[in-house]
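Enquirer: model this:
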Amino acid sequence: MTVIGLDDTDSRERGMCTTYVANRVADRIEESGGHVERVLLVRLNPAVEYKTRGNAALAVHCDVDPEAAETVAREELAAAETDDPNTNPGLVVAPGAPDAVPDRVAAFARDALREIHAIDDAVALAEDCGYRHVGWKNARGTIGALAAVGAWAAFDDWTYEHISYRRPDRWGTERDLDYDSLFAAADEHYPDAWDTVDRVEDEAVCVPHTPCPILHGIRGDDPAACRGLADAVGGEPVYDTRTFVTNQGTDAHLAPGRLGDLDADRAYRVSGTVASPPETRRGGHVFFDLAATDGEASIQCAAFEPTKRFRDRVRGLREGDRLTVCGEVSDGTLKLEKVAVRALNRTVRETPDCPDCGRTMKSAGRDQGYRCRDCGTDADGKVPVEVTRDLELGWYEVPPCARRHVAKPLVRGGFDAPTHPER
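Expert: Residues are numbered from 1 along each chain as shown. From the prediction side, this is the model:
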């Protein structure tokens, strides 16, 4: 077999899409009589500064020889939006089965989800393994291309995305879709297909807002459900389709972390105790501090305005609640993607009531406790009172409209506590 890895062909402003380029490579291989086993869509570290949109790299697993594979891929990569200064395509062609790559290539792929790689390191590793490779401009796409080559050996949790592409003459124009049929199909195929729409925000999450070739992309655990949902959506004609195997919705970007030892531009899963009341600041962003059990380290956590109703969950936290939080660290702040409430602080200390008359006692003076002036009774200090909490134990997540591609939706299951999925 041969693995073709490619990355960084699109532009935020000018369009194109690396999935489309990979699909064209796969189409041409199949049209020439070759066999394509699968096409991988691999999301890499979402915190990378140089990413275009979703930081996706692609790999085509096929049976053509490496020389022919490189020729086809080079020709299709001519569609890359290289006029954009931030678009720097890369291509890596590796002989052999995708699950038989060297361990260091698989490790490179794993690290590409959680670390920051250098271009020179990717080029050196590709050359050391004897892989064909080529880069355009500064060749930054070589990093993602090599990671895509190693991804099949690196990860074992895979989902699917069925992408429908627009006719080329429609690229850059407003998409013509029957949104009623989209929402109805999303309901019919949930939860096998997820993150298609956001029902509360009335938003079609699967439809991009850029001038790229994609009409819609349907994600889920069942490829047949993804295709069936896509087929049920009315609107403009579909030019081409492909079902990708992907690491989307897997949390592969999250590394176990410890407060006081978190690096910027990485994403972590870390536990601690709420150390400050949640505060809503200008713009509607909600912040609180999360502290280690020993109090030796802490980090500011944030639920930003685009996370919408998730902020109400965060506002419901109190000092003393024990949490596990997941998210990217940037500029000293952990940007929340999901939160597990492990224990709730269900008490508040309040001024005591008089046991004789029931009235609220008054302060007897600094450090002298409280006294009922009518009855003469006294108390040493405030007393614990149980309060009702709106939150329950378990996992809470940002809504589909705010979910990162690689973040795992709660509806997929496999979490270590009860879940409260968003639809």
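
Enquirer: what's the burial count for the nearest residue in space to residue 40 that is not next to it in sequence?
Expert: Spatially, and ignoring its direct neighbours in sequence, residue 40 is nearest to residue 59 (4.2 Å; Cβ to Cβ, 6 or more residues apart in numbering). For the C-beta atoms, the positions are set from N, CA and C on the backbone; glycine is no exception. Neighbourhood size, residue 59 [other Cβ atoms under 10 Å]: 31.

Enquirer: contacting residues for residue 59?
Expert: Under the criterion of Cβ atoms under 8 Å, 6 or more residues apart in numbering, the neighbours of residue 59 are 3-6, 22, 39-40, 42, 98, 148-149, 151-152.

Enquirer: what about 6 Å?
Expert: 3, 5, 40, 148, 149 (Cβ atoms under 6 Å, 6 or more residues apart in numbering).

Enquirer: swap in residue 207?
Expert: Residues counted as contacts of residue 207 (Cβ under 6 Å, 6+ apart) are residue 216.

Enquirer: and it, what's its pLDDT?
Expert: We have a pLDDT of 97 for residue 207.

Enquirer: same question for residue 375.
Expert: Residue 375 is assigned 89 on the pLDDT scale.

Enquirer: check which helix or strand covers it.
Expert: Under the assignment given by DSSP states H and E, residue 375 is not contained in any helix or strand.

Enquirer: just the buried ones from the contacts of residue 59, in ChimeraX syntax?
Expert: Written as a ChimeraX command, the selection of buried residues from the contacts of residue 59, which uses 16 or more other Cβ atoms under 10 Å, is:
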select :3,5,40,148,149
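
Enquirer: would you map the helices across this structure?
Expert: 18-31, 66-76, 103-114, 119-128, 141-154, 179-189, 223-231, 310-315 (DSSP state H).

Enquirer: what sits opposite the residue nearest to residue 40 in the beta ladder?
Expert: residue 5, residue 40 (DSSP bridges).

Enquirer: show the pLDDT at it.
Expert: 98.

Enquirer: how many residues are close by residue 209?
Expert: 7.

Enquirer: give the contact list for it.
Expert: Per Cβ under 6 Å, 6+ apart, neighbours of residue 209: none.

Enquirer: and for residue 404, the neighbour number?
Expert: 21.

Enquirer: list the contacts of it.
Expert: residue 46.

Enquirer: that one and residue 237: what is the separation?
Expert: Per Cβ to Cβ, to the nearest Å, residue 404 is found 31 Å from residue 237.

Enquirer: ok, residue 399 next?
Expert: From residue 399 over to residue 237 the distance is 31 Å, taken as Cβ to Cβ.

Enquirer: okay, these two: which has more neighbours?
Expert: residue 399 (21 against 10).

Enquirer: excluding residues flanking it in the chain, which one is nearest that one?
Expert: Nearest one to residue 399, counting by Cβ to Cβ, 6+ apart, is residue 422 at 4.4 Å.

Enquirer: show me where the chain dips below the pLDDT cut-off.
Expert: 11-15, 50-54, 82-83 (pLDDT under 70).

Enquirer: repeat that with 80
Expert: 10-16, 49-54, 79-87 (pLDDT under 80).

Enquirer: so it: which segments form each domain?
Expert: With domains defined by automatic domain parsing, the chain comprises 2-154, 159-246, 254-346+388-415, 347-386.

Enquirer: any idea which of these is most buried?
Expert: Counting by mean count of other Cβ atoms under 10 Å, domain 2-154 has the highest mean neighbour count of the domains of the chain, with a mean of 21.

Enquirer: give me the distance between the two termini of stretch 77-94.
Expert: End-to-end distance for stretch 77-94, by Cα to Cα, to the nearest Å: 17 Å.

Enquirer: which residues are contacting that stretch?
Expert: Residues from elsewhere that reach stretch 77-94 (Cβ under 6 Å, 6+ apart): 3-9, 11, 14, 16, 21, 66, 69-70, 73, 126, 131-142, 145-146, 149.

Enquirer: from the contacts of residue 59, which is closest to residue 249?
Expert: residue 40 (14.3 Å; Cβ to Cβ).

Enquirer: contacting residues for the closest one?
Expert: 59, 151, 245.

Enquirer: would you agree the last one is in contact with residue 157?
Expert: In this case it means residue 245. No. Assessed by Cβ atoms under 6 Å, residue 245 is found out of contact with residue 157, at 11.0 Å.

Enquirer: okay, residue 231 and residue 411: tell me how far apart.
Expert: Distance from residue 231 to residue 411, counting by Cβ to Cβ: 22 Å.

Enquirer: what about the longest strand along the chain, distance to the chain center?
Expert: In the chain, with assignment by DSSP state E, the single longest strand is strand 333-343. Put simply, strand 333-343 sits 14 Å off its chain's centre (Cα atoms, centre = their mean, to the nearest Å).
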